[in-house]
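Asks: the following comprises the amino acid sequence and a computationally predicted model.
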Amino acid sequence: MYDYITIDARNMFGVADSTDPDPNPDLLPAVGTVAFTSSLKAPTTILSTQTILSLGTVIATIDGSGTLRPPVDGQTASGFDADELRLICPNSPDLLDVGWTWTASFRPQQGQTWQAFTISGITGNPGDTVTLTTLLPTSVKPATQQIIVYDVDGFDDNNPVVPAGYRDGVDWILDPTNMTIHTSEAD
């Protein structure tokens, strides 16, 4: 039979300080929905039963505590934790197609002001717990480049004298005789 992965996420959003005693911004549970869609464009086959498997969108909720909850279908099997969201495993050896992924689209509940966002590339091996915070894109930070300029008299391209600590292709060498800058020993 097919395998599953368990999805774990807790969601909060920050707002300006309210009437609580401290002056800090407040963290509130982010309430809303999360739609999980697969990257499969066509049905696949469950090999052990030779059954066609079509994957639909799975709509989970983010409850009043900010915790991701599975869809409520009125049915829970014995021993199944109704608080866990389980999705069909993209790397299940019992599926004809493997290596596909899930995408999660987060949407706020009406009245909440956090920005909707998407996490893609959700995958795992059978039985894995995938924590969505590990898949969030990192914040883009401005690039900082450190340039070390070495002052070398009479730099000779044919017989370069490279200062100690020089990193080839990274650091620059300044030849004050003719005011040229060399970026590697081969320049």
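Replies: That came through, no problem.
Asks: how does this protein divide into domains?
Replies: Annotated domains of the chain cover 4-135, 145-187 [automatic domain parsing].
Asks: by mean pLDDT, show me the worst of those domains.
Replies: Ranked by mean pLDDT, these bottom out at domain 145-187, with a mean of 55.
Asks: where's residue 60, which helix or strand?
Replies: In the assignment (DSSP states H and E), residue 60 maps to strand 58-62.
Asks: and if you look at residue 124?
Replies: Per DSSP H and E: nothing holds residue 124, as it lies in no helix or strand.
Asks: begin at 51, not 1, for the rest of this chat.
Replies: In the new numbering, first residue 51, that becomes residue 174.
Asks: doesn't residue 55 make contact with it?
Replies: Yes: here residue 174 lies in contact with residue 55, judged by C-beta atoms under 8 Å, at a distance of 4.0 Å. From N, CA and C alone the C-beta is placed, and that goes for glycine too.
Asks: tell me, what's touching the two both at once?
Replies: With contacts taken as C-beta atoms under 8 Å, 6 or more residues apart in numbering, residue 174 and residue 55 have 139-140, 180 as neighbours in common.
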